[in-house]
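K.L.:
here's my sequence, what's the structure:
(one chain, ligands or ions: 2)
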Amino acid sequence: MNDRISLLNDPDRYSAKLPVWEGRLRLWHWTNLLVITLLILSYLIFDNHKLLGLPKPQTVFFQKTHIILGYLFVALLLLRLHLASKGAPFSRWKDLDPRHEGKGFVTVLREEIALHMRPATDASGLPVPDPDPGHNRLGRYLYLPLLVVILPLQAITGLLWASLKFGWLPLPFLHTLSHPAFSATKWVVSNIHAAILYAILGFIALHLLGLVKYELTFASDLFSSMIHGKKILTKRAVENYQKEVDP
Ligand code: HEM
Ligand code: HEM
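P.N.:
Ligands and ions are numbered 1, 2, ... in the order given. Below you'll find the predicted structure:
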(Lines give C-alpha, C1' and ligand atoms only; values in the text may rest on other atoms or scores of the structure.)
(Ligands and ions follow the chains in the order given, each with its own letter.)
Protein backbone atom coordinates (compact mmCIF):
# COMPACT_ATOMS: atom_id res chain seq x y z
CA MET A 1 0.00 0.00 0.00
CA ASN A 2 2.79 2.38 1.00
CA ASP A 3 4.57 1.50 -2.22
CA ARG A 4 1.51 2.43 -4.21
CA ILE A 5 1.17 5.79 -2.45
CA SER A 6 4.83 6.61 -3.01
CA LEU A 7 4.46 5.67 -6.70
CA LEU A 8 1.41 7.95 -7.00
CA ASN A 9 3.48 10.80 -5.49
CA ASP A 10 6.63 10.14 -7.50
CA PRO A 11 7.10 13.15 -9.84
CA ASP A 12 9.36 11.11 -12.16
CA ARG A 13 6.50 8.69 -12.75
CA TYR A 14 3.40 10.86 -12.60
CA SER A 15 4.00 14.50 -13.39
CA ALA A 16 0.52 16.08 -12.95
CA LYS A 17 -3.06 15.52 -11.81
CA LEU A 18 -5.39 17.12 -14.36
CA PRO A 19 -9.17 17.33 -14.91
CA VAL A 20 -10.21 14.77 -17.53
CA TRP A 21 -13.84 13.72 -16.91
CA GLU A 22 -16.30 16.64 -17.01
CA GLY A 23 -19.08 16.81 -14.39
CA ARG A 24 -21.87 15.85 -16.81
CA LEU A 25 -19.96 12.71 -17.88
CA ARG A 26 -19.45 11.61 -14.26
CA LEU A 27 -23.10 12.32 -13.49
CA TRP A 28 -24.05 10.20 -16.54
CA HIS A 29 -21.75 7.36 -15.53
CA TRP A 30 -22.99 6.90 -11.96
CA THR A 31 -26.68 7.63 -12.66
CA ASN A 32 -26.52 5.19 -15.57
CA LEU A 33 -25.03 2.51 -13.31
CA LEU A 34 -27.84 3.08 -10.77
CA VAL A 35 -30.60 3.01 -13.42
CA ILE A 36 -29.22 -0.16 -15.07
CA THR A 37 -29.02 -1.86 -11.67
CA LEU A 38 -32.67 -0.94 -10.96
CA LEU A 39 -33.73 -2.07 -14.47
CA ILE A 40 -32.15 -5.49 -13.87
CA LEU A 41 -33.65 -5.72 -10.37
CA SER A 42 -37.15 -4.84 -11.57
CA TYR A 43 -36.80 -7.41 -14.37
CA LEU A 44 -35.71 -10.11 -11.91
CA ILE A 45 -38.77 -9.33 -9.75
CA PHE A 46 -41.40 -9.41 -12.52
CA ASP A 47 -39.78 -12.40 -14.21
CA ASN A 48 -39.82 -14.41 -10.95
CA HIS A 49 -43.31 -13.30 -9.86
CA LYS A 50 -44.50 -16.91 -9.43
CA LEU A 51 -41.55 -17.86 -7.25
CA LEU A 52 -42.04 -14.68 -5.19
CA GLY A 53 -45.82 -15.28 -4.95
CA LEU A 54 -46.58 -11.81 -6.37
CA PRO A 55 -50.22 -11.14 -7.36
CA LYS A 56 -50.87 -9.85 -10.92
CA PRO A 57 -51.28 -6.12 -10.04
CA GLN A 58 -47.89 -6.07 -8.29
CA THR A 59 -46.23 -7.87 -11.19
CA VAL A 60 -47.68 -5.27 -13.56
CA PHE A 61 -46.45 -2.54 -11.18
CA PHE A 62 -42.86 -3.84 -11.51
CA GLN A 63 -43.22 -4.14 -15.31
CA LYS A 64 -44.38 -0.50 -15.47
CA THR A 65 -41.61 0.58 -13.08
CA HIS A 66 -39.16 -1.13 -15.46
CA ILE A 67 -40.52 0.90 -18.38
CA ILE A 68 -40.40 4.22 -16.50
CA LEU A 69 -36.79 3.48 -15.52
CA GLY A 70 -36.30 2.56 -19.18
CA TYR A 71 -37.43 6.05 -20.32
CA LEU A 72 -34.90 7.51 -17.87
CA PHE A 73 -32.23 5.21 -19.33
CA VAL A 74 -33.08 6.46 -22.86
CA ALA A 75 -32.81 10.11 -21.71
CA LEU A 76 -29.41 9.37 -20.13
CA LEU A 77 -28.19 7.65 -23.28
CA LEU A 78 -29.21 10.69 -25.36
CA LEU A 79 -27.26 12.90 -22.93
CA ARG A 80 -24.15 10.70 -23.35
CA LEU A 81 -24.49 10.78 -27.17
CA HIS A 82 -24.89 14.56 -27.02
CA LEU A 83 -21.67 14.81 -24.97
CA ALA A 84 -19.92 12.65 -27.57
CA SER A 85 -20.43 15.36 -30.19
CA LYS A 86 -20.72 18.57 -28.13
CA GLY A 87 -19.09 17.79 -24.76
CA ALA A 88 -15.62 18.46 -23.36
CA PRO A 89 -12.63 17.02 -25.32
CA PHE A 90 -12.41 13.81 -23.28
CA SER A 91 -16.12 13.03 -23.67
CA ARG A 92 -16.03 13.16 -27.50
CA TRP A 93 -16.04 10.49 -30.20
CA LYS A 94 -12.42 11.28 -31.02
CA ASP A 95 -11.39 10.13 -27.54
CA LEU A 96 -13.50 6.95 -27.84
CA ASP A 97 -12.04 5.90 -31.21
CA PRO A 98 -9.10 3.52 -30.67
CA ARG A 99 -7.60 4.15 -34.14
CA HIS A 100 -4.63 6.52 -34.40
CA GLU A 101 -1.62 7.37 -36.54
CA GLY A 102 -3.43 5.98 -39.60
CA LYS A 103 -3.63 2.46 -38.09
CA GLY A 104 -6.85 0.43 -38.24
CA PHE A 105 -8.88 -1.29 -35.49
CA VAL A 106 -7.15 -4.69 -35.76
CA THR A 107 -3.58 -3.36 -35.79
CA VAL A 108 -4.22 -1.09 -32.81
CA LEU A 109 -5.96 -3.90 -30.92
CA ARG A 110 -2.94 -6.19 -31.40
CA GLU A 111 -0.54 -3.44 -30.31
CA GLU A 112 -2.61 -2.50 -27.26
CA ILE A 113 -2.96 -6.08 -26.03
CA ALA A 114 0.83 -6.51 -26.31
CA LEU A 115 1.38 -3.16 -24.60
CA HIS A 116 -0.87 -4.10 -21.69
CA MET A 117 0.52 -7.64 -21.34
CA ARG A 118 4.18 -6.59 -21.63
CA PRO A 119 4.31 -2.88 -20.78
CA ALA A 120 7.50 -0.87 -21.27
CA THR A 121 9.40 -0.24 -18.01
CA ASP A 122 10.91 2.94 -16.61
CA ALA A 123 14.44 3.48 -15.17
CA SER A 124 13.44 1.74 -11.92
CA GLY A 125 12.00 -1.26 -13.79
CA LEU A 126 8.33 -0.38 -13.15
CA PRO A 127 5.67 -0.74 -15.88
CA VAL A 128 4.86 2.57 -17.58
CA PRO A 129 1.13 3.49 -17.85
CA ASP A 130 -0.36 4.30 -21.26
CA PRO A 131 0.21 7.79 -22.66
CA ASP A 132 -3.49 8.54 -23.27
CA PRO A 133 -4.85 11.11 -20.84
CA GLY A 134 -8.53 10.24 -21.45
CA HIS A 135 -10.03 6.84 -22.25
CA ASN A 136 -7.63 3.93 -22.04
CA ARG A 137 -6.98 2.89 -25.66
CA LEU A 138 -7.71 -0.80 -25.03
CA GLY A 139 -10.83 0.14 -23.02
CA ARG A 140 -12.14 2.01 -26.09
CA TYR A 141 -12.78 -1.41 -27.69
CA LEU A 142 -15.44 -1.87 -25.00
CA TYR A 143 -16.74 1.69 -24.66
CA LEU A 144 -17.28 2.35 -28.38
CA PRO A 145 -19.51 -0.70 -29.16
CA LEU A 146 -21.31 -0.18 -25.84
CA LEU A 147 -22.28 3.39 -26.70
CA VAL A 148 -22.87 2.86 -30.43
CA VAL A 149 -24.53 -0.57 -30.56
CA ILE A 150 -25.35 -2.26 -27.24
CA LEU A 151 -27.04 0.53 -25.26
CA PRO A 152 -28.90 2.05 -28.28
CA LEU A 153 -30.24 -1.41 -29.27
CA GLN A 154 -31.45 -1.98 -25.72
CA ALA A 155 -33.13 1.44 -25.72
CA ILE A 156 -34.84 0.84 -29.10
CA THR A 157 -36.05 -2.70 -28.29
CA GLY A 158 -37.20 -1.56 -24.82
CA LEU A 159 -39.22 1.31 -26.30
CA LEU A 160 -40.80 -1.04 -28.88
CA TRP A 161 -41.60 -3.54 -26.11
CA ALA A 162 -43.34 -0.80 -24.08
CA SER A 163 -45.48 0.12 -27.11
CA LEU A 164 -46.29 -3.51 -27.94
CA LYS A 165 -47.14 -4.59 -24.41
CA PHE A 166 -48.93 -1.55 -22.95
CA GLY A 167 -49.54 0.76 -25.94
CA TRP A 168 -47.13 3.30 -24.37
CA LEU A 169 -44.98 5.82 -26.22
CA PRO A 170 -43.30 6.06 -28.70
CA LEU A 171 -45.48 3.84 -31.00
CA PRO A 172 -48.77 3.10 -29.14
CA PHE A 173 -50.41 1.65 -32.30
CA LEU A 174 -48.14 -1.42 -32.04
CA HIS A 175 -50.36 -2.62 -29.18
CA THR A 176 -53.25 -3.13 -31.61
CA LEU A 177 -51.35 -4.85 -34.44
CA SER A 178 -53.10 -7.85 -35.97
CA HIS A 179 -52.16 -11.28 -34.57
CA PRO A 180 -49.37 -12.58 -36.88
CA ALA A 181 -47.62 -9.19 -37.12
CA PHE A 182 -47.90 -8.67 -33.34
CA SER A 183 -46.43 -12.10 -32.53
CA ALA A 184 -43.57 -11.78 -35.02
CA THR A 185 -42.61 -8.27 -33.81
CA LYS A 186 -42.85 -9.38 -30.17
CA TRP A 187 -40.63 -12.40 -30.84
CA VAL A 188 -37.88 -10.33 -32.48
CA VAL A 189 -38.00 -7.46 -29.97
CA SER A 190 -38.17 -9.68 -26.91
CA ASN A 191 -35.29 -11.95 -27.99
CA ILE A 192 -32.94 -9.08 -28.83
CA HIS A 193 -33.88 -7.25 -25.60
CA ALA A 194 -33.26 -10.38 -23.50
CA ALA A 195 -29.94 -11.20 -25.26
CA ILE A 196 -28.58 -7.71 -24.71
CA LEU A 197 -28.91 -8.15 -20.95
CA TYR A 198 -26.08 -10.70 -21.27
CA ALA A 199 -24.02 -8.37 -23.46
CA ILE A 200 -24.36 -5.66 -20.77
CA LEU A 201 -23.41 -8.10 -18.00
CA GLY A 202 -20.42 -9.20 -20.12
CA PHE A 203 -19.40 -5.56 -20.61
CA ILE A 204 -19.60 -4.86 -16.86
CA ALA A 205 -17.49 -7.93 -16.01
CA LEU A 206 -14.77 -6.99 -18.56
CA HIS A 207 -14.95 -3.31 -17.53
CA LEU A 208 -14.35 -4.12 -13.86
CA LEU A 209 -11.67 -6.75 -14.58
CA GLY A 210 -9.89 -4.27 -16.88
CA LEU A 211 -9.99 -1.52 -14.25
CA VAL A 212 -8.66 -3.77 -11.48
CA LYS A 213 -5.92 -5.21 -13.72
CA TYR A 214 -4.88 -1.68 -14.80
CA GLU A 215 -4.74 -0.39 -11.23
CA LEU A 216 -2.71 -3.40 -10.06
CA THR A 217 -0.27 -3.30 -13.00
CA PHE A 218 0.36 0.43 -13.09
CA ALA A 219 -0.37 1.56 -9.49
CA SER A 220 -2.71 4.19 -10.94
CA ASP A 221 -5.77 5.99 -9.63
CA LEU A 222 -8.44 5.11 -12.20
CA PHE A 223 -11.40 4.29 -9.93
CA SER A 224 -11.48 7.60 -8.11
CA SER A 225 -10.95 9.51 -11.40
CA MET A 226 -14.60 8.81 -12.26
CA ILE A 227 -15.58 10.41 -8.91
CA HIS A 228 -13.51 13.62 -8.76
CA GLY A 229 -12.80 13.81 -12.51
CA LYS A 230 -8.98 14.10 -12.30
CA LYS A 231 -6.38 11.64 -13.56
CA ILE A 232 -2.73 11.42 -12.57
CA LEU A 233 -0.71 11.51 -15.77
CA THR A 234 2.81 10.69 -16.90
CA LYS A 235 4.91 13.31 -18.70
CA ARG A 236 3.94 11.90 -22.13
CA ALA A 237 0.26 11.81 -21.16
CA VAL A 238 0.48 15.48 -20.06
CA GLU A 239 1.94 16.40 -23.48
CA ASN A 240 -0.93 14.56 -25.20
CA TYR A 241 -3.40 16.23 -22.81
CA GLN A 242 -2.18 19.67 -23.88
CA LYS A 243 -2.50 18.77 -27.57
CA GLU A 244 -6.04 17.52 -26.96
CA VAL A 245 -7.27 20.44 -24.83
CA ASP A 246 -5.42 23.24 -26.62
CA PRO A 247 -4.78 21.95 -30.18
C1 HEM B 1 -30.05 -1.64 -19.66
C2 HEM B 1 -31.32 -1.54 -19.95
C3 HEM B 1 -32.31 -2.67 -19.85
C4 HEM B 1 -32.18 -3.95 -19.41
C5 HEM B 1 -30.95 -4.63 -18.85
C6 HEM B 1 -33.48 -4.60 -19.58
C7 HEM B 1 -33.74 -5.92 -19.30
C8 HEM B 1 -34.92 -6.57 -19.63
C9 HEM B 1 -35.11 -7.99 -19.62
C10 HEM B 1 -34.00 -9.02 -19.33
C11 HEM B 1 -36.40 -8.26 -19.95
C12 HEM B 1 -37.07 -9.65 -20.09
C13 HEM B 1 -36.82 -10.19 -21.46
C14 HEM B 1 -37.87 -9.76 -22.44
O15 HEM B 1 -39.05 -9.93 -22.14
O16 HEM B 1 -37.52 -9.23 -23.49
C17 HEM B 1 -37.04 -6.98 -20.16
C18 HEM B 1 -38.36 -6.81 -20.53
C19 HEM B 1 -38.92 -5.59 -20.84
N20 HEM B 1 -38.26 -4.37 -20.89
FE21 HEM B 1 -36.34 -4.02 -20.47
N22 HEM B 1 -34.36 -3.68 -20.10
C23 HEM B 1 -33.68 -2.48 -20.29
C24 HEM B 1 -34.18 -1.33 -20.84
C25 HEM B 1 -35.50 -1.14 -21.15
C26 HEM B 1 -36.06 0.07 -21.72
C27 HEM B 1 -35.22 1.29 -22.13
C28 HEM B 1 -37.41 -0.11 -21.84
C29 HEM B 1 -38.46 0.84 -22.36
C30 HEM B 1 -38.43 2.14 -22.28
C31 HEM B 1 -37.69 -1.46 -21.42
C32 HEM B 1 -38.94 -2.07 -21.46
C33 HEM B 1 -39.19 -3.41 -21.26
C34 HEM B 1 -40.49 -4.04 -21.45
C35 HEM B 1 -41.80 -3.36 -21.87
C36 HEM B 1 -40.32 -5.40 -21.18
C37 HEM B 1 -41.39 -6.50 -21.24
C38 HEM B 1 -41.93 -6.64 -19.88
C39 HEM B 1 -42.86 -7.80 -19.76
O40 HEM B 1 -42.48 -8.93 -20.10
O41 HEM B 1 -43.96 -7.54 -19.34
N42 HEM B 1 -36.53 -2.06 -21.01
N43 HEM B 1 -36.12 -5.96 -19.98
C1 HEM C 1 -19.35 -0.84 -10.26
C2 HEM C 1 -19.44 -0.48 -11.50
C3 HEM C 1 -18.52 0.48 -12.24
C4 HEM C 1 -17.34 1.09 -11.88
C5 HEM C 1 -16.59 1.00 -10.57
C6 HEM C 1 -16.92 1.88 -13.02
C7 HEM C 1 -15.78 2.68 -13.06
C8 HEM C 1 -15.34 3.36 -14.15
C9 HEM C 1 -14.09 4.10 -14.23
C10 HEM C 1 -13.10 4.25 -13.10
C11 HEM C 1 -13.98 4.60 -15.49
C12 HEM C 1 -12.80 5.40 -16.07
C13 HEM C 1 -11.96 4.40 -16.84
C14 HEM C 1 -10.97 4.94 -17.82
O15 HEM C 1 -10.20 5.82 -17.45
O16 HEM C 1 -10.95 4.48 -18.97
C17 HEM C 1 -15.15 4.20 -16.22
C18 HEM C 1 -15.43 4.54 -17.52
C19 HEM C 1 -16.56 4.17 -18.19
N20 HEM C 1 -17.57 3.37 -17.72
FE21 HEM C 1 -17.69 2.55 -15.90
N22 HEM C 1 -17.83 1.72 -14.03
C23 HEM C 1 -18.84 0.88 -13.60
C24 HEM C 1 -19.94 0.47 -14.29
C25 HEM C 1 -20.26 0.89 -15.56
C26 HEM C 1 -21.49 0.55 -16.27
C27 HEM C 1 -22.63 -0.28 -15.70
C28 HEM C 1 -21.41 1.14 -17.49
C29 HEM C 1 -22.41 1.09 -18.61
C30 HEM C 1 -23.17 0.07 -18.89
C31 HEM C 1 -20.14 1.85 -17.56
C32 HEM C 1 -19.71 2.54 -18.65
C33 HEM C 1 -18.52 3.24 -18.73
C34 HEM C 1 -18.09 4.00 -19.88
C35 HEM C 1 -18.84 4.12 -21.23
C36 HEM C 1 -16.86 4.58 -19.53
C37 HEM C 1 -16.00 5.50 -20.38
C38 HEM C 1 -16.35 6.92 -20.02
C39 HEM C 1 -17.34 7.46 -21.02
O40 HEM C 1 -16.95 7.66 -22.15
O41 HEM C 1 -18.52 7.66 -20.69
N42 HEM C 1 -19.48 1.68 -16.37
N43 HEM C 1 -15.96 3.43 -15.39
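K.L.:
interface residues of the chain facing ligand 2?
P.N.:
Neighbours of ligand 2 within the chain, by CB under 6 Å from any ligand atom: 25, 29, 32-33, 36, 96, 135-136, 139, 143, 146-147, 200, 203-204, 207, 211, 222-223, 225-226. For the C-beta atoms, the positions are set from N, CA and C on the backbone; glycine is no exception.
K.L.:
mind running it again at 5 Å?
P.N.:
Applying CB under 5 Å from any ligand atom, we find that the chain lies next to ligand 2 at 33, 135-136, 139, 143, 222-223, 226.
K.L.:
out of the residues you listed, who's nearest ligand 1?
P.N.:
Nearest to ligand 1 among the residues of the chain next to ligand 2 is residue 33, at 10.5 Å by CB to the nearest ligand atom.
K.L.:
quick one, phi/psi of the closest residue to residue 121 other than its chain neighbours?
P.N.:
Nearest non-adjacent residue to residue 121, counting by CB to CB, 6 or more residues apart in numbering: residue 127, 5.9 Å away. Here is the backbone geometry of residue 127 (degrees, to the nearest 10): phi -60, psi 140.
K.L.:
next one: residue 54
P.N.:
Torsion angles, degrees, to the nearest 10, at residue 54: phi -80, psi 130.
K.L.:
residue 203 touches residue 150, doesn't it?
P.N.:
Yes - taking CB atoms under 8 Å as the definition, residue 203 is a contact partner of residue 150 at 6.7 Å.
K.L.:
re the thing from before, next, count neighbours for the residue nearest to residue 121.
P.N.:
14 (other CB atoms under 10 Å).
K.L.:
which residues touch it?
P.N.:
119-121, 217-218 (CB atoms under 8 Å, 6 or more residues apart in numbering).
K.L.:
over to residue 177?
P.N.:
For residue 177, the contacting residues are 164, 185, by CB under 8 Å, 6+ apart.
K.L.:
which residues in this protein form helices?
P.N.:
2-8, 23-47, 49-52, 56-86, 93-96, 105-117, 140-145, 151-166, 179-218, 222-228, 235-245 (DSSP state H).
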